[in-house]
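# next come a sequence and a model predicted from it.
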Amino acid sequence: MKLGVLGGTFDPPHIGHLILAEEARLALGLAQVLFVPAGAPWRKAGQELSPREDRLAMVRLAVGANPHFAVFSLEIEREGPSYTAETLAALREQLAADSETFLILGQDSLADLPNWWQPQRIISLARLAVAARTAWEPAQADALEREVPGISQRLVWLDMPRIDVSSTAVRERVRRGLSIRYWVTPAVEEYISQHRLYVGG
């Protein structure tokens, strides 16, 4: 069985996340894509995030009844910093021995991977399904291979439509009183409005 893992703060989850998950599912023949909202992402220590309960609720609303999507709440429930390597290891313990895991991420995250916690362990636990945004230059590939040996053999490139929607832009639009219709799902839009998330500040 092939399983996709898409992590993030999801503050809030938007259509770009859903399109990325669906495109990865189709391209790789994934049985399911797990959305993993971060509890306390260590790379964003000091940044103000919405309460984890709100972010988890929004991810569940965004995923909706799609049978190919599910939410894995381990990082939300776990105390302390969220580490991708630990999440993948915990997930591996729950899967069948012949399962194959794909960590879905953007090209910017791939370039930053050497700065993540235990990147070598990450690539041992999952293949990396990367959404291409620009041409990946040989010099970039060589530099990444030097920092994380063996990573080039663990990469799968996804041909993705360019969706210039970000959580930061959604939050800013809410602060400015602008519409976020079609930027997020209707259920997430309603949740943000009802809970007055991102208003002011």
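On my side now, so go ahead. Numbers count the residues shown, from 1 in each chain.
# rest of the way, CA atoms for contacts and neighbours
Fine.
# next, give phi and psi for Ala96.
phi -70, psi 150 (degrees, to the nearest 10).
# repeat for Val36
phi -120, psi 90.
# model confidence at it, what's the number?
On pLDDT, Val36 comes in at 95.
# which residue comes closest to it once chain neighbours are left out?
With C-alpha to C-alpha, 6 or more residues apart in numbering as the criterion, Val36 has its nearest non-adjacent residue at 4.4 Å, and that residue is Gly7.
# what's the answer for Ala70, then?
Nearest-residue entry for Ala70: Leu34, 4.9 Å, with adjacent residues in sequence omitted and distances by C-alpha to C-alpha, 6+ apart.
# what's that neighbour in contact with, if anything?
Leu34 makes contacts with 3-6, 69-72, as judged by C-alpha atoms under 8 Å, 6 or more residues apart in numbering.
# how about the CA coordinates for the helix or strand containing it, as PDB?
For Leu34, the enclosing helix or strand under DSSP states H and E is strand 32-37. Output of strand 32-37 as PDB, limited to C-alpha atoms (Å, rounded to 0.1, in the frame of the first residue of the first chain):
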ATOM      1  CA  GLN A  32      -4.700   7.600   1.000                       C
ATOM      2  CA  VAL A  33      -3.200  11.000   1.900                       C
ATOM      3  CA  LEU A  34      -2.800  11.800   5.600                       C
ATOM      4  CA  PHE A  35      -2.900  15.400   6.500                       C
ATOM      5  CA  VAL A  36      -0.800  16.000   9.600                       C
ATOM      6  CA  PRO A  37      -1.300  19.300  11.300                       C
END
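# that older thread, name the helix or strand for the residue nearest to Val36, please.
Counting by DSSP H and E, Gly7 is found in strand 2-8.
# which is the succeeding secondary structure element to that strand?
Next element after strand 2-8 (DSSP H and E): helix 15-28.
# one step back: pretty sure the residue nearest to Val36 sits against Phe35.
Yes - with contact defined as C-alpha atoms under 8 Å, Gly7 counts as touching Phe35 (5.8 Å).
# higher neighbour count, the two?
Using other C-alpha atoms under 10 Å as the criterion, Gly7 and Phe35 rank with Phe35 on top: 26 against 20.
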